[in-house]
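K.L.:
missing the sequence, but the structure's below:
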């Protein structure tokens, strides 16, 4: 108890110290190392703190009564909180190391002190949100998290585009906060207290309508933060605008805080129980989850901006997490506990995996952007020879996120697929068929995700450089590579030894643990007691490596020693193969655009300029392909324009003439007097 | 069930898959040649090709990186590992406890991922063309495949292939009409996955029609041998899945020698017949235009969805 308290306090103090140190420091490489030291150490402390809580199974509670007259400052770190603090700790450890090298890029342009300050406060606020046990302080820290991340999004404020992204983010995040507030207020009205403890104890007695409302408000509120479709519009704007180390934190960790809020509210504060009344909650999550997955990945596959593609892919992964969570709720409501556990493990496994590989990929993208100064992959290519380490680490992230064995993405997607398959146990035909049909967008998502990352990796790192941005560049500094390697190692480890992840999750969430040792296979039983599915990744890795060695030897023996000659790529005998002839990101994803043209509504515009009369002698030709963003155009544009229309009308009241304002005061006074008079009559 | 004998039979099954894979390709090529009034090469020709290729020197493009060189090995390792999880002539494979059908699909996707990267690594427009098309086809095949697996898994109680094939071998498919729909869906997908007509013409060298061939265009020598061999292994795995799940007749359910022998010959017969059938089909259809392929995959998705509805009704 005291130990974990000291650790927790030390971590918080270190973040605060880091923030203050950042404000005081000047731009030199020495201070750069020193200022990122406190968050690095603090993250290590967080990892130790949260893992000790998960392992011991005892939650850590701290109450400071009477901090404010009405609200107690309450901290509760149970298994669930500790799990999310662990994610924050691991990712921010890697990102803090990475930032030592990365923030150098900003030294030349502007002071890094604001960056360091906000960076520390941002991580601290996320930790405190997860640890809060009181609605008031939860919202305070939530707001702190939103505002610091807003300032980080507009850190590059000399670009107008970033300011716009920041505004979208600010509006959307506050829309979300409103709904979270509403959800908590309902709990307050029912229990008369803002403490989460009272929500936890009182929620079972809420009327069904209130339970449903608490869920719906929390779903919208936290869904906005998580980047769920159709509330995702801020995410692909805000994440790419922020400096890459912050993008890594936002995509890998901050959107998980939305998931945390959703889990916390659903399982703790909403009076959710094992009754079919709640099955529709799960179905709602599955529907919005699979919509997010498919919409996110479709935009990601056609995107040319490397960071925006990653941001869209975050929407996709949040979708997968939500599908798992939704399935878990459906299974729980039908009392299928074993499958509810399976689906929850799938969802949380994907949450932690996504934190690892998305943190890694954003850092990789940041490395690429910091040396090439462009986010547009049309201008990149051929970086693999110049940045061998970054490309290797980015490849690990790309394979993991594409859900390919033996890396971690495969494990969580395997779990999610098995949870989808297990839906045949649900005693309701309509739900069975709906979930089966929901697996169609899910599987399509996985297919397109692999295509997306083939494109992102190959277009950035492989083939020839397509512009001068990608020539004569150097590998990034060691601290950046170290930061990325940590997460890459985590990706490999959680893929090869799924036992790590499953035991972590089952201990943290107090679930029945499944594989009992690292080499034990994960097994699912069917109705007749036979094995439905088994998976033992360590053995798979052993098979893969032994097969590789065997075939290497076999080919060697069979073929003997042969020479390798290096020669140019086959150019059909014409010669002069150059980078303008190779495939570009746009042409690579053209078939996808064509197949999903209903969704993208691609619009091709061709401008030709010819010599004289002959239309075939072209001086120049310009082809532009534009895809529509259907959400912004069909969903948000009408809302925004109607608001503008309404306030335009309201503005007419503001004539600026004193007489008119006097009239308004007069009318208000009369109305108020009437109101008082009439209400007194009762 | 855990004993040396099953382990040995399991390993033999893997070796049979790896060894017979080029033979299946040879049978299909021979049948195609015959239907086109040609005599065609011997059915052992793929073996001669592989033997010749591994002894040849390689020419590697100067544009390529280590990914291009690693791709054949990754591809082969992925396909060969996938072969471990397939019951071939015995319903039971000891590796069923290690991985299931979804892992097999994942390993295929791993091989394809690297093949697409290798296609783009050579910096020619050919490679990009193949990878771009493969991106589209593979992304669309994934949901079709998953849905047909969904039907099979629910009907036979597992994605563990030993469970699935055992269940299908002891039950008639008549009470399970959904299985027929799954079979239609899976058949279309297999044509797509193995790059056969009408998706892709394996015999072509014309940039308008190539998909798989363009990505491996730059390979030579040992690397090409590995790429070709792994493609054959993928083909035999998918064909085996098809025959063993949907027509498991004759598959051995015990590790006694006579029954294993029957199982092996039945397997060899069934898979050759299936190969011949595919070859006939290939001879009678033309390659579809690239943007009509999604329609074909949509048919596979639709049939699997009908299968799912039938499962539950």
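P.N.:
Received the coordinates, thanks. Computed from a predicted model, the values in this text were never measured in an experiment.
K.L.:
and the gap between the nearest residue in space to residue B:119 that is not next to it in sequence and residue B:73?
P.N.:
Among residues not flanking residue B:119 along the chain, residue B:215 sits closest, at 3.3 Å (CB to CB, 6 or more residues apart in numbering or on different chains). Where you see a C-beta, it was placed from the backbone N, CA and C, and this is true even at glycine. Distance, residue B:215 to residue B:73, by CB to CB, to the nearest Å: 16 Å.
K.L.:
same thing with residue B:97?
P.N.:
26 Å.
K.L.:
The most centrally placed residue in chain A: what's it in contact with?
P.N.:
Among the residues of chain A, residue A:251 comes closest to the average C-alpha position under CA atoms, centre = their mean, at 3.8 Å. Each residue near residue A:251 by CB atoms under 8 Å, 6 or more residues apart in numbering or on different chains is listed here: A:239, A:310-311, A:314, A:358-359, A:362.
K.L.:
circling back: settle it for me: which of residue B:215 and residue B:73 has more neighbours?
P.N.:
Between residue B:215 and residue B:73, counted using other CB atoms under 10 Å in any protein chain shown, the more crowded position is residue B:215 (29 against 19).
K.L.:
remind me which residues of chain B are low pLDDT?
P.N.:
Within chain B, the stretches with pLDDT under 70 are B:1-2, B:172-174, B:207.
K.L.:
Let's verify the residue nearest the centre of chain B: helix, strand, or coil?
P.N.:
Nearest residue to the geometric centre of chain B (CA atoms, centre = their mean): residue B:235, 2.8 Å. Here residue B:235 is recorded as helix under DSSP: H, G, I helix; E, B strand; the rest coil.
K.L.:
I'd say it and residue B:26 touch.
P.N.:
No. Assessed by CB atoms under 8 Å, residue B:235 is found out of contact with residue B:26, at 11.6 Å.
K.L.:
give the contact list for the nearest residue to residue A:386 once chain neighbours are set aside.
P.N.:
Of all residues not flanking residue A:386 in the chain, residue A:473 sits nearest, at 5.2 Å (CB to CB, 6+ apart). Residue A:473 makes contacts with A:371-372, A:383, A:386-387, as judged by CB under 8 Å, 6+ apart.
K.L.:
can you list the residues that contact stretch A:160-180?
P.N.:
Outside stretch A:160-180, the residues touching it (CB under 8 Å, 6+ apart) are A:139, A:142-143, A:146, A:149-150, A:153-157, A:217-218, A:220-225, A:231, A:233-234, A:237-238, A:240-241, A:258, A:261.
K.L.:
7 Å instead, please
P.N.:
A:142-143, A:146, A:150, A:153-154, A:156-157, A:217-218, A:220-222, A:224-225, A:231, A:233-234, A:237-238, A:241, A:261 (CB atoms under 7 Å, 6 or more residues apart in numbering or on different chains).
K.L.:
What residues sit buried inside it?
P.N.:
Of all the residues in stretch A:160-180, those buried under the rule 16 or more other CB atoms under 10 Å in any protein chain shown are A:162, A:165-170, A:172-173, A:176-177, A:179-180.
K.L.:
Against residue B:302, how distant is whichever residue of the stretch 301-450 of chain A sits closest to chain B?
P.N.:
For the stretch 301-450 of chain A, the nearest residue to chain B under the criterion CB to the nearest CB is residue A:447, separated by 2.9 Å. Distance from residue A:447 to residue B:302, counting by CB to CB: 17 Å.
K.L.:
quick one, which of the two is more surrounded?
P.N.:
Each of residue A:447 and residue B:302 has its neighbours counted (other CB under 10 Å); residue A:447 has more, 25 against 15.
K.L.:
what separates the more buried one from residue A:382, distance-wise?
P.N.:
Here the criterion is CB to CB. By it, residue A:447 lies 27 Å from residue A:382.
K.L.:
right, and residue B:83 touches residue B:237 too?
P.N.:
Yes. Using CB atoms under 7 Å, residue B:83 is in contact with residue B:237, at 5.9 Å.
K.L.:
hey, what's in contact with both of the two?
P.N.:
Joint contacts of residue B:83 and residue B:237 (CB under 7 Å, 6+ apart) are residue B:17.
K.L.:
Would you confirm that residue A:475 belongs to a helix?
P.N.:
No. Judged by three-state DSSP, residue A:475 forms no part of a helix; its state is coil.
K.L.:
excluding its backbone neighbours, what's nearest it?
P.N.:
That would be residue A:387: by CB to CB, 6+ apart, it lies 4.9 Å from residue A:475.
K.L.:
Over to residue A:467?
P.N.:
residue A:379 (4.0 Å).
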